[in-house]
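A.B. asks: would you be able to build a 3D model of this:
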Amino acid sequence: MSNEKAPLVGPTITVDGGVKEEELKKKKKKEGKGSYLAYGVLATTLCLGFVAKNRNGIFTSPSEAANLLRSSIGAPPLPLDAMLIQDISLSSSPKRCTGEGEDPYSTGKEVACCDGLKKVHKDWNDGHIPKDYYKCVPSKTPSPGPSPTDDSPCGGVICEDKRIDETYTCGPTTDTKVCYPKTTPSGLTKLPVVFYNRDSYGWGGGPDYRAGTISWLTEMAEQCLIVIAPMTPQTDTTPTNDDKCKRDHDLLLAYNYIKIPENWSGKGSNRWNILRVTPDWESVGAAGQSSGAHHLPWFQREFGEERVNESDKKTKKLKAVLYGHGGGKKEVGKMRKDLPDCLADTTWCDGVPAFFLTSTGDTQVHPSGTYGWYQKLTGQDTAGGKPHVQHVVYAQVKQLTNDPPQWGHMEPVTPHSYHGGEYGGGYGVLNTYTAKFMACHLYSDTNQANIHEEACAWIYGSSDGSRGNICETASSLVDPVGPYKNKKIKGCYFTQPN
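C.D. replies: Residues are numbered from 1 along each chain as shown. Here you go, the predicted model:
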């Protein structure tokens, strides 16, 4: 008996007695039994292997069918390792990850890149259509953008489309995007929550900023946060909903649905069936871009008033807010009333750490208006003014020569290829800083000191002096000189208790 192992395929399979296929063919041909027995056995094995899998009680795998046929001609059975390889290679399975050079969104929903790969968004066709889209590339290539994200405490972020049980006020939909990490530090399953409201273009309306928005939400989720975003279109459905739509009321609708435990983890109609992580309702923040940022103070009010009626919730206010390109108007120095009114009429906007993000080239919401909100919140708008909040950041991304107008206002969700390639790939140059800001304050009262301290160091600097504050480390990203007549607005400010 030959000691030679039988390969899965190929013309040199060994059968009983060490006779190789060519010899077998000659022998069988002389005996009048056909010249392609070995090929026939191989072909029949493959065919019956597939068929047998669907016939109950006969075979459970292609290799079982193969071994039955091999035994009928006196051939030894396939070795175990070969059986396993054959079963894997012959069995069909759904696509579980996206391979190198492929688009992870090609199916309409994200299919994560395979191990060792990461998704990168840029112009892959030298200006030809399609231009900007995602590809999975080896993760050893440099991360896009100037801010490192390899120190993110959580990973494997999943962004899924879910639904609530009530139509949103800003559009005829119940669709909701939720992003959360699969990989968390040991023992961490209860995560703070950020509610995000989109810009006035809507979710995919007008210019399509969905990919950039998902990228931003993903960066937040990498900081061990759950991010929930109503996927509403550009306009509301009926005039009667207009007031609520312009008060970010949809964030409250999402909260009221998801705060019910069975809606988060249960199965069935509209239930989200998320088991890996659960929301920490004692640590909730909110973020918005453009119109979504204008109206965040209204959500701060409504959320607080809702929590007053929830005796099981200790924390009544939001713990952090991110205003992206909001608060102002087109005209220089003009502010919207949402935040000033909240500060004047209620206390729900007092004491809530805030990050104001804008860009020098924003022609739709002039940075001076956003800066006005920063001054109002810090008490700098009047002589002897009293600060309403102890932790506030104002950061103004600098505009480069020949940047198109839309880049300024929608900078956080616009590909950097529009920005002359100065900042490489990816989206908003300060997006990582905004995500760190939210994690810093949402983890302030938890037992996750490492996440809190590391995130806060990005904003306020480390206690040992090894890392500078945001205005020092992001100095090349923010505008160092105020561009407005009679208004000396620098590119970066932050406040914190002495």
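A.B. asks: now the strands for the stretch 51-200 of the chain?
C.D. replies: In the stretch 51-200 of the chain, the strands defined using DSSP state E, counting those that start in this stretch lie at 117-123, 132-138, 155-163, 175-183, 190-197.
A.B. asks: looking at those, which is closest to Leu217?
C.D. replies: When those are compared by C-beta to C-beta, strand 175-183 sits nearest Leu217, at 4.5 Å. C-beta here means a position set from N, CA and C on the backbone, and glycine is covered the same way.
A.B. asks: need the strands of the stretch 51-200 of the chain in JSON lines with mean neighbour count, can you?
C.D. replies: Output for the strands of the stretch 51-200 of the chain, formatted as JSON lines (neighbours: other C-beta atoms under 10 Å):
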{"stretch": "strand 117-123", "mean neighbour count": "19"}
{"stretch": "strand 132-138", "mean neighbour count": "18"}
{"stretch": "strand 155-163", "mean neighbour count": "16"}
{"stretch": "strand 175-183", "mean neighbour count": "20"}
{"stretch": "strand 190-197", "mean neighbour count": "25"}
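A.B. asks: make JSON lines out of those and add mean pLDDT and distance to Phe356.
C.D. replies: Below are the strands of the stretch 51-200 of the chain laid out as JSON lines (pLDDT from 0 to 100; distance: least, C-beta to C-beta, whole Å):
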{"stretch": "strand 117-123", "mean pLDDT": "78", "distance to Phe356": "26"}
{"stretch": "strand 132-138", "mean pLDDT": "79", "distance to Phe356": "28"}
{"stretch": "strand 155-163", "mean pLDDT": "95", "distance to Phe356": "26"}
{"stretch": "strand 175-183", "mean pLDDT": "96", "distance to Phe356": "23"}
{"stretch": "strand 190-197", "mean pLDDT": "97", "distance to Phe356": "16"}
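A.B. asks: which residues touch Ala457?
C.D. replies: Listed by C-beta atoms under 8 Å, 6 or more residues apart in numbering, the contact set of Ala457 reads Ser463, Arg467.
A.B. asks: distance of it relative to Thr473?
C.D. replies: To Thr473, Ala457 is 10 Å away according to C-beta to C-beta, to the nearest Å.
A.B. asks: what ranges does the stretch 101-250 of the chain have for its helices?
C.D. replies: Counting by DSSP state H, counting those that start in this stretch, residue ranges of the helices within the stretch 101-250 of the chain are 210-221, 242-245, 249-258.
A.B. asks: give the buried residues for the second one.
C.D. replies: Translated: helix 242-245. Applying a neighbour-count criterion of 16 or more other C-beta atoms under 10 Å, the buried positions in helix 242-245 are Lys244, Cys245.
A.B. asks: show the average pLDDT along that helix.
C.D. replies: Across helix 242-245, pLDDT averages out at 82.
A.B. asks: equivalent analysis for the last one, please.
C.D. replies: The average pLDDT within helix 249-258 is 97.
A.B. asks: elements contacting it?
C.D. replies: strand 190-197, strand 226-230, strand 278-289, helix 296-308 (3 or more C-beta pairs under 8 Å, 6 or more residues apart in numbering; DSSP states H and E).
A.B. asks: what comes up buried for that helix?
C.D. replies: Buried-residue list, helix 249-258, by 16+ other C-beta under 10 Å: His249, Asp250, Leu251, Leu252, Leu253, Ala254, Tyr255, Tyr257, Ile258.
A.B. asks: quickly name whichever of the residues you listed is closest to Thr176.
C.D. replies: Relative to Thr176, and with distances defined as C-beta to C-beta, the nearest of the buried residues of helix 249-258 is Ala254, at 5.9 Å.
A.B. asks: wait, that closest one sits on Tyr196?
C.D. replies: No: Ala254 is beyond contact range of Tyr196, at 9.7 Å (criterion: C-beta atoms under 8 Å).
A.B. asks: mind listing the shared neighbours of these two?
C.D. replies: With C-beta under 8 Å, 6+ apart as the test, Ala254 and Tyr196 both reach Ile228.
A.B. asks: secondary structure element holding Asn273?
C.D. replies: Counting by DSSP states H and E, there is no helix or strand that carries Asn273.
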